[in-house]
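J.: sequence and predicted structure are below.
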Amino acid sequence: MIGKQYNQRKRKMKKLYCHCGGGKGKSLERHTLSEGLSAKACPECQAVVLLLEDYQEWRERHFSDSFAAVEPAAVPGQEKPSKAHVCPQCGCFMQRYRTGDAASFWLDYCPACHLFWLDAGEWALLEQSGLALYLDTLLTERWQHSIQSRKTLSWRDELLQKRFGEETLNEIRRIQSWLRPHPKKRDILAFLGENL
Ligand SMILES: [Zn+2]
Ligand SMILES: [Zn+2]
């Protein structure tokens, strides 16, 4: 019985502060992030602190069966200077998770306290890109890994463009896509190698 009560006890946010302006910090105030989703926000810098359980409960209530698996996509936004936030609850550095490809921002999360930290405007970006329903998916290794491999891919593209120029690269790609399914691909390549 005691164990059960303990398991069911819901995490609560303590009184939290934001240290954006230096000093002893601004006290975070109750804030409605979306209809039925309450969080806490800094009145000074508009940063938002969101509890994972509150978020999941909200999603369950509003979107219980309307969300399916998504793949990492380009998320609008800008690369943020890599300044890690300190968790307003436990004081440890929060972990950073990529939200999408190159031009996206990092999501800060404290695994110990289950708290998300969203800088001003980040929730809106998550909504725009359709990721607002997948905050917990963003934390998974699979998601982070998938972004990483896409990033590697686009770096490779960039290098190839530098090396050959866009026009030549397009031509190479055109030839590749013609050659790839060709039954005499090896013969053709050998012939080209010998005769150029
Ligand atoms: Zn602040
Ligand atoms: Zn924490």
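T.: Perfect, thanks for sending it. Ligands and ions are numbered 1, 2, ... in the order given.
J.: mind checking how far Asp108 is from ligand 2?
T.: 10 Å (C-beta to the ion, to the nearest Å). (Glycine included, C-beta is placed from N, CA and C.)
J.: for Phe93, see how far away that residue is.
T.: For Asp108, the distance to Phe93 equals 9 Å [C-beta to C-beta, to the nearest Å].
J.: who has more neighbours out of these two?
T.: Asp108 (24 against 12; other C-beta atoms under 10 Å).
J.: ok, then the element right after the top helix by length along the chain?
T.: Secondary structure of the chain per DSSP state H: the longest helix is helix 141-164. Counting by DSSP states H and E, the element after helix 141-164 in chain order, helix or strand, is helix 166-179.
J.: got phi/psi on His19?
T.: Backbone torsions for His19, taken as degrees, to the nearest 10, come to phi -100, psi 30.
J.: now Leu133
T.: Here Leu133 shows phi and psi, under degrees, to the nearest 10, equal to phi -90, psi 0.
J.: overlap in contacts, Asp108 and Phe93.
T.: Residues touching both Asp108 and Phe93 (C-beta atoms under 8 Å, 6 or more residues apart in numbering): 84-85.
J.: can I get the longest helix of the chain as CSV, trimmed to CA atoms?
T.: Presented in CSV, the C-alpha positions along helix 141-164 are these (Å, rounded to 0.1, in the frame of the first residue of the first chain):
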residue,chain,number,x,y,z
GLU,A,141,18.5,7.7,-28.6
ARG,A,142,16.9,6.7,-31.8
TRP,A,143,15.8,10.2,-32.6
GLN,A,144,19.1,11.8,-31.7
HIS,A,145,20.9,9.1,-33.7
SER,A,146,18.8,9.6,-36.7
ILE,A,147,19.4,13.4,-36.7
GLN,A,148,23.1,12.7,-36.4
SER,A,149,23.2,10.5,-39.5
ARG,A,150,21.1,13.0,-41.5
LYS,A,151,23.6,15.7,-40.4
THR,A,152,26.5,13.6,-41.6
LEU,A,153,24.7,13.2,-44.9
SER,A,154,24.2,16.9,-45.4
TRP,A,155,27.9,17.6,-44.4
ARG,A,156,28.9,15.2,-47.1
ASP,A,157,26.7,17.0,-49.6
GLU,A,158,28.3,20.3,-48.7
LEU,A,159,31.8,18.8,-49.1
LEU,A,160,30.9,17.4,-52.5
GLN,A,161,29.5,20.7,-53.6
LYS,A,162,32.7,22.5,-52.6
ARG,A,163,34.7,19.9,-54.5
PHE,A,164,32.8,19.8,-57.8
